[in-house]
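# 3D, please:
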Amino acid sequence: MRRRQRAISCEGIAIAITADIPDAIGSLLDRCALFHVLDDATKRQLAARAQRRRYAVGEVIFRVGSPGDIMMAVVTGTVRIVATSPQGKEIVLGDLKAGEVFGEIALLDGGERSADAVALTKCELLALERRDLMAALQRNPEACLRLLELVCKRLRETDERITEIAFFELPVRLAKVLLRTAAPGAAARAANPKVALSQRELGNMIGGTRESVNRCLRDWQRRGIIRLAKGWIILEDVAALTELAGLR
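Just a heads-up that it's a prediction; the model follows:
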C-alpha cells in the first residue's frame with residue numbers, strides 16, 4: 001500500500017512528510033520535558049501539525065523583531081540565542097541542545113521575537129504554531145506549569161548573566177562561564193573537563209572583548225589553571241577555577 005505524501009515548506013529546507021511521520025514526531029516531542037506531560041491524543045494532534053526544519057551551521061533561525069507565532073524544539077544540534085546592540089555588539093544569552101525549546105516568550109504574549117536564534121551547529125528542529133500550542137496548553141494545566149517553570153528558569157539565568165556583567169570583574173565572569181559550559185557535573189566527574197568555545201564567543205558570553213579573554217586565559221595557562229590545545233580550553237585545576245569564580 002502506498003503511503004500518502006505531502007510537502008511542507010520550511011525556512012531551512014523543504015521536507016517530504018509521509019503518513020507515518022506523526023508517530024516519529026510524537027516520539028521526538030516526548031523527549032522534551034514540556035511536551036512529555038501531554039496526553040497521547042494531544043501529542044498526536046501536535047505531531048500531525050508540526051514541521052521538521054533543518055538548518056546549516058551559522059544559519060539564522062529568526063531575528064529579533066520578527067513575528068513570534070512559532071515555538072521550536074531542538075531535535076539535534078545546538079541553537080544559540082543572542083542579543084545584539086544597535087552598535088552590533090553581541091551578548092550570548094544561551095546555547096540550547098536537544099530536548100530544549102525556545103521561542104516561548106513570543107508564544108505566550110504573541111509579540112515579536114526578543115532575541116536572535118542562530119544554528120550553532122547543524123540542527124534539526126520541530127516547529128509548532130502558536131494557535132496549536134495554545135489550544136493544547138489550555139487543555140493541559142500541567143503543561144502550563146512546565147512552561148511557566150521554563151520561563152522562570154530562563155529569567156533567572158538572564159538575571160544572573162546581567163548581574164555578573166554589571167558587578168563582577170572579567171576573570172570572575174570568565175571562570176563562571178567555563179565551569180557552566182563544561183556541563184553540569186562534568187567538573188566533578190572528569191579529571192580534566194574541556195570547553196570548545198572560541199575566545200570571541202567567550203567574550204560575547206561575558207560582555208568582554210576577545211583580547212581581554214585572551215590575556216586572562218594566557219595568564220591562567222601560565223599558572224597551570226587551564227591549558228589551551230587545538231581549539232579546546234582544558235580545565236587543569238577545577239578547584240582553582242572554582243575559587244576564582246567565587247563558588248567556594
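
# The most centrally placed residue in the chain pairs with what?
Taking C-alpha atoms, centre = their mean, the centroid of the chain lies closest to Leu96, which sits 1.7 Å from it. Beta-bridge partners of Leu96, counted by DSSP bridges, are Val79.

# I figured it was touching Ile81, is that so?
Yes - counting by C-beta atoms under 8 Å, Ile81 is a contact partner of Leu96 at 6.8 Å. Heads up, the C-betas are built off the backbone N, CA and C, glycines and all.

# got any residues that touch both of these two?
Residues touching both Leu96 and Ile81 (C-beta atoms under 8 Å, 6 or more residues apart in numbering) are Phe102.

# What residues of the helix ranked longest in the chain count as buried?
Longest helix of the chain, by residue count under DSSP state H: helix 141-167. The neighbour-count criterion (16 or more other C-beta atoms under 10 Å) identifies Ala143, Cys144, Arg146, Leu147, Leu150, Arg154, Thr158, Arg161, Glu164 as the buried residues of helix 141-167.

# Pipe those residues into CSV and attach pLDDT per row.
Shown next, in CSV, are the buried residues of helix 141-167 (pLDDT from 0 to 100):
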residue, pLDDT
Ala143, 86
Cys144, 86
Arg146, 85
Leu147, 85
Leu150, 86
Arg154, 85
Thr158, 84
Arg161, 83
Glu164, 87
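
# what would the residues you listed look like in CSV with distance to Ala106?
Below are the buried residues of helix 141-167 laid out as CSV (distance: C-beta to C-beta, whole Å):
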residue, distance to Ala106
Ala143, 18
Cys144, 17
Arg146, 18
Leu147, 13
Leu150, 14
Arg154, 13
Thr158, 15
Arg161, 20
Glu164, 26
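
# so where's the chain shaky on pLDDT?
Within the chain, the ranges that satisfy pLDDT under 70 run 1-24, 183-190.

# Got the domain ranges for it?
Per automatic domain parsing, the domain ranges recorded for the chain read 5-166, 168-244.

# so what's Gly246 closest to, chain neighbours aside?
Val172 (6.0 Å; C-beta to C-beta, 6 or more residues apart in numbering).

# the inter-axis angle of the strand or helix carrying that neighbour versus helix 141-167?
Using DSSP states H and E, Val172 sits in helix 170-181. Compare the direction of helix 170-181 with that of helix 141-167 by axes from the mean of the first three to the mean of the last three C-alpha atoms, to 10 degrees and you get 150 degrees.

# Contacts for helix 170-181, please.
164-165, 168, 187, 195, 197, 202, 205-208, 212-213, 216-217, 226, 233, 235, 238, 241-242, 244-247.

# With just CA atoms, put that helix into CSV.
Output of helix 170-181 as CSV, limited to C-alpha atoms (Å, rounded to 0.1, in the frame of the first residue of the first chain):
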residue,chain,number,x,y,z
LEU,A,170,36.1,39.8,33.8
PRO,A,171,38.2,36.9,35.4
VAL,A,172,35.2,36.0,37.7
ARG,A,173,32.8,36.1,34.8
LEU,A,174,35.1,34.0,32.6
ALA,A,175,35.7,31.4,35.3
LYS,A,176,31.9,31.1,35.9
VAL,A,177,31.1,30.6,32.2
LEU,A,178,33.9,28.0,31.8
LEU,A,179,32.6,26.0,34.7
ARG,A,180,29.0,26.3,33.4
THR,A,181,29.9,25.3,29.9
